[in-house]
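Enquirer: fold the following and give me the result.
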Amino acid sequence: MYPLIDDIGSFPLPKSVTRETFAQAYLKTRQAILNNQDPIADEFMQKNFCQIVVDSFRKKLACGLDVVTFPQQFNGLRQIGDAVHEAMAQGSFVVDADKAVLPEVYVLNRYAKELSEEFGKKILLRVCLFGPIEQYLHEVGAVAYPDVLEGFAQTIKRFAQNAILDNKYIETRVISIDEPSYGHTNLTATPDLIVDTLQKAYNFHGPTRQIHLHSTSGIHDLLNVTGLDVLSFEYAASPRNINDVSKSMLERADKQIRVGIARTDIDSLWAEVCEKGFEKPTDEQLVESVEIIHKRYLEAKEKYGELLTFTGPDCGLGSWPNQDVAALVLKQTVEAVKHL
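Expert: Here you go, the predicted model:
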């Protein structure tokens, strides 16, 4: 039995829309949802946000992923941060529950019946959120104030709770709290404060609760986080990471693992191809072969066995040149796990 294949989230915008126009449509859509208005009925929001989200998600679904993250094409920190700023203007770091809304989840729920019928299955959704530590570092800084960290944790929990869908056509199977700076930051918080903060953020039920990390430094402390089900780290571009996490550690902590098996560090991949004499690399030259990805999958599977419950690319694909080459990374990964 192979693990579920998912993706981390970010995805290129189509060439038909600029990042500025998409961001404008995103903000208008969020406000429309908060005002109980229908963004799909508005031509600007429908064309420049709603349809782009649905079409991008459709492209990911067509790659064969088991669990598909909504296409994170807006600034991930602003996704939560803008709402936090509004709360701060009212004297709080905690966003009101009715304002903790992810427009992408709203839109995909509206189109779930269409997508489910098109692909002949129930849609399994993965939701990603930058976590309380990442948000805190961005908004406040490296000096840890426990009450403020708690406010960020409560906000993340509210966004997560509001993103849980479960109906005939779509189900939120995974919610991932992404902490890319964890392990290589100078935040003054003690390990106990980190654990306490994350436990409050993960205080929701239903979907599998992941944490996505870039570094495994400090990962041992996360084994103590109640509510966290799956630790996720990069392996393809950072092979040393796998040495920091043993199967016995996971067993003792009752945790599972997600290992990234396909490289997504596009700048490095591009440079490596150019060094071989290809000044204008093709999509196939930029994406790792199925055989290379499969080899990593077998290594991770051999080490973790049944505790390897998820796998997929290392990180998001938002910085890749276009949607087609990004989709090829996903297709090659699915092929490497399911069919080779």
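
Enquirer: quick one: average pLDDT of stretch 170-188?
Expert: Mean pLDDT, computed over stretch 170-188, is 93.

Enquirer: what does stretch 229-247 give?
Expert: On average, stretch 229-247 scores 95.

Enquirer: so what sits opposite P313 in the bridge?
Expert: P313 has the following beta-bridge partners by DSSP bridges: A262.

Enquirer: ok, it - contacts?
Expert: 7-8, 236, 260-264, 329-330, 333 (C-beta atoms under 8 Å, 6 or more residues apart in numbering). The way it works is simple: take the backbone N, C-alpha and C, and place the C-beta from them, glycine included.

Enquirer: in CSV, list those along with neighbour count.
Expert: Formatted as CSV, those follow (neighbours: other C-beta atoms under 10 Å):
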residue, neighbour count
D7, 28
I8, 25
A236, 23
G260, 27
I261, 28
A262, 28
R263, 24
T264, 27
V329, 26
L330, 26
T333, 32
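
Enquirer: just the ones of these in strands?
Expert: Among the contacts of P313, DSSP state E puts 260-262 in strands.

Enquirer: for T208, give its distance to P103.
Expert: Per C-beta to C-beta, to the nearest Å, T208 is found 23 Å from P103.

Enquirer: need the three-state assignment for V337.
Expert: With DSSP: H, G, I helix; E, B strand; the rest coil as the basis, V337 sits in helix.

Enquirer: sort out which residues of stretch 176-186 are buried, please.
Expert: Across stretch 176-186, burial judged by 16 or more other C-beta atoms under 10 Å covers 176-183, 185.

Enquirer: what does that stretch rub up against?
Expert: With C-beta under 8 Å, 6+ apart, stretch 176-186 has contacts from 8-9, 69, 76, 126-134, 137, 142, 156, 160, 194, 198, 201-202, 209-219, 232.

Enquirer: so the most far-flung residue of the chain relative to its centre, which state does it fall into?
Expert: Most distant residue from the mean C-alpha position of the chain: G277, 34.0 Å away (C-alpha atoms, centre = their mean). Assigned by three-state DSSP, the conformation of G277 is coil.

Enquirer: could you shift the numbering so residue one becomes 15, and keep it that way?
Expert: In the new numbering, first residue 15, that becomes G291.

Enquirer: roughly how far apart are it and L283?
Expert: Distance, G291 to L283, using C-beta to C-beta: 15 Å.

Enquirer: go through stretch 280-292 and flag the buried ones.
Expert: In stretch 280-292, counting by 16+ other C-beta under 10 Å, buried: 280, 283-284, 287.

Enquirer: L138 belongs to a strand, doesn't it?
Expert: Yes. Looking at L138 with three-state DSSP, it is inside a strand.

Enquirer: what sits against it?
Expert: Contacts of L138 by C-beta under 8 Å, 6+ apart are 80-82, 184-185, 187.

Enquirer: now with 6 Å, please.
Expert: Residues near L138 by C-beta atoms under 6 Å, 6 or more residues apart in numbering: 81, 185, 187.

Enquirer: of those - the most surrounded one?
Expert: Highest neighbour count within these, by other C-beta atoms under 10 Å: R187, with 22 neighbours.

Enquirer: setting the sequence-adjacent residues aside, check what's closest to F173.
Expert: Computed as C-beta to C-beta, 6 or more residues apart in numbering, the closest residue to F173 that is not its neighbour in sequence is A114, at 4.4 Å.

Enquirer: quick check, that neighbour in contact with Q175.
Expert: No. Between A114 and Q175 there is no contact under C-beta atoms under 6 Å: 7.7 Å.

Enquirer: looking at those two, which one has more neighbours?
Expert: Per other C-beta under 10 Å, whichever of A114 and Q175 has more neighbours is A114, with 22 against 15.

Enquirer: what about the more buried one, distance to I137?
Expert: On the measure of C-beta to C-beta, A114 and I137 end up 22 Å apart.

Enquirer: ok, for D52, nearest residue in space, not its chain neighbours?
Expert: In space, and not counting its chain neighbours, D52 is closest to A46: 7.1 Å by C-beta to C-beta, 6+ apart.
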